[in-house]
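Novice: Next input, structure requested:
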Amino acid sequence: MFLKGVTIGFSIAAPVGPIGLLCIRRSLAEGVLPGLMTGLGAATADAVYGCIAGFGLTALSNFLVDQRFLLGLFGGLFLCYLAWRIIRSQPPTQPLEPCQTGLLTTFGTTFLLTLANPLTILSFAAVFAGFGLGSRARTDYAAAWRLVVGVFTGSALWWLLLSGGVSLVRQKLGHSMLRSINWISGMVILGFGLYSIGRLFRG
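Specialist: Take a look at the predicted model:
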């Protein structure tokens, strides 16, 4: 169950979306630790949603799905705000020393952004069912916990590989290149935010 959870967590985290872009941008601008904390925030949210799906917490799942408009609106607006901050920011001329408060903020923002997409619960439920894990996890709590820990581990492993790999090329990029990356990533994240908001009103 643990290894299956690792596989699920890794595969769900791997597609590059707005969180992936944030991880890449922070790894380039601030170093591997802020990039990793960005990913760990998403991995923790994945584990929370995996827990809801794995333990069969139907009432909570339904409540969050029912609130998807407000949560999606919050997530979309917050993405737009982050994009604006990124576009306006200037890359540091020297590596930054991240403080504990900054790392906690980095963790918290991506945790909340990932939680703002309650449809992730449905993704986990579908994947669990595809692996034949749903019914067993709901009757065997030890197996369910192994599954959830595996999901977190797999997701965290992806973010570690991504932030570590990006940070290796960080020193080879000049200030102008980092500034261009800030602008491009900010515009793409802004696009994600506007798309998320527009989809809410279309649906």
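
Novice: Just give the closest residue to residue 111, not the sequence neighbours.
Specialist: Among residues not flanking residue 111 along the chain, residue 41 sits closest, at 3.8 Å (Cβ to Cβ, 6 or more residues apart in numbering). Every residue, glycine included, has its C-beta placed from N, CA and C.

Novice: just residue 181 next, same as before
Specialist: That would be residue 28: by Cβ to Cβ, 6+ apart, it lies 6.0 Å from residue 181.

Novice: Help me confirm that the one you found comes into contact with residue 178.
Specialist: Yes. With contacts counted by Cβ atoms under 8 Å, residue 28 reaches residue 178, the gap being 6.2 Å.

Novice: how close does the residue nearest to residue 181 get to residue 5?
Specialist: Residue 28 is 30 Å from residue 5, where distance means Cβ to Cβ, to the nearest Å.

Novice: can you check residue 112 too?
Specialist: According to Cβ to Cβ, residue 112 and residue 5 sit 23 Å apart.

Novice: okay, those two: which has more neighbours?
Specialist: residue 5 (29 against 15; other Cβ atoms under 10 Å).

Novice: my guess is that one meets residue 153, correct?
Specialist: Yes. Checked against Cβ under 8 Å, the pair residue 5 and residue 153 is within contact range at 7.2 Å.

Novice: coming back round to it: so where does the residue nearest to residue 181 fall, helix or strand?
Specialist: Residue 28 is located in helix 18-30, with elements delineated by DSSP states H and E.
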